[in-house]
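Colleague: Structure for this input, please:
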Amino acid sequence: MNAPDFNTLLDFFKVLANENRLKLVGILSQAECSVEDLAARLELKEPTISHHLMKLKELNLVKMRSSGNTHLYKLNADTLSFYVRRPSRPAQG
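Modeller: Numbers count the residues shown, from 1 in each chain. So this is what the prediction gives:
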């Protein structure tokens, strides 16, 4: 996979410029959680959490799986690594 282009990085930083989304990334890097769990931990309403998760999902930063009627979310570490990877430098001669 190639390094992200400028516009992709710009979208990444725009999404993470929000304090609550940054907190969500931190929580989801440690554990899989439901919207209800995340709302309780961040003291936010569930629709607000769902909105933030949608923004993170648009960049593929979170994964979701169903467990009965509950949706569980976790950080997609592979995508995060893609965004924070250093670009390759050409060899200098």
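Colleague: OK, contacts around the residue nearest the centre of the chain?
Modeller: Computing the C-alpha centroid of the chain and ranking residues by C-alpha atoms, centre = their mean puts Leu61 first, at 3.3 Å. Neighbouring residues of Leu61 by C-beta atoms under 8 Å, 6 or more residues apart in numbering: Val15, Val25, Leu75, Asn76, Thr79, Leu80. Using the backbone N, CA and C atoms, a C-beta is placed for each residue, glycine as well.
Colleague: do Asn7 as well
Modeller: Asn7 neighbours (C-beta under 8 Å, 6+ apart): none.
Colleague: Quick one: classify it as helix, strand or coil.
Modeller: Here Asn7 is recorded as helix under DSSP: H, G, I helix; E, B strand; the rest coil.
Colleague: Looking at it now. What's its pLDDT?
Modeller: Looking at Asn7, its pLDDT is 87.
Colleague: burial of His52, as a residue count?
Modeller: 23 (other C-beta atoms under 10 Å).
Colleague: And the next helix or strand past the helix or strand containing it?
Modeller: In the assignment (DSSP states H and E), His52 maps to helix 46-58. For helix 46-58, the succeeding helix or strand toward the C-terminus, using DSSP H and E, is strand 62-67.
Colleague: since we're on Ser67, how many residues are nearby?
Modeller: Using other C-beta under 10 Å: Ser67 sits among 9 other residues.
Colleague: Any idea what it is bridged to?
Modeller: Thr70 (DSSP bridges).
Colleague: And the pLDDT for it?
Modeller: In this model, Ser67 carries a pLDDT of 93.
Colleague: ok so, going back, how big is the angle separating the helix holding His52 from strand 62-67?
Modeller: Put simply, helix 46-58 runs at 120 degrees to strand 62-67, going by axes from the mean of the first three to the mean of the last three C-alpha atoms, to 10 degrees.
Colleague: just the CA coordinates of helix 46-58, formatted as CSV?
Modeller: This file holds the C-alpha atoms of helix 46-58, laid out as CSV (Å, rounded to 0.1, in the frame of the first residue of the first chain):
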residue,chain,number,x,y,z
GLU,A,46,-25.8,7.9,21.9
PRO,A,47,-26.7,9.8,18.6
THR,A,48,-23.6,12.0,19.2
ILE,A,49,-21.4,8.9,19.5
SER,A,50,-23.0,7.4,16.4
HIS,A,51,-22.3,10.6,14.5
HIS,A,52,-18.6,10.5,15.5
LEU,A,53,-18.3,6.8,14.7
MET,A,54,-19.8,7.5,11.2
LYS,A,55,-17.0,10.0,10.6
LEU,A,56,-14.4,7.5,11.8
LYS,A,57,-15.9,4.7,9.7
GLU,A,58,-15.8,6.9,6.6
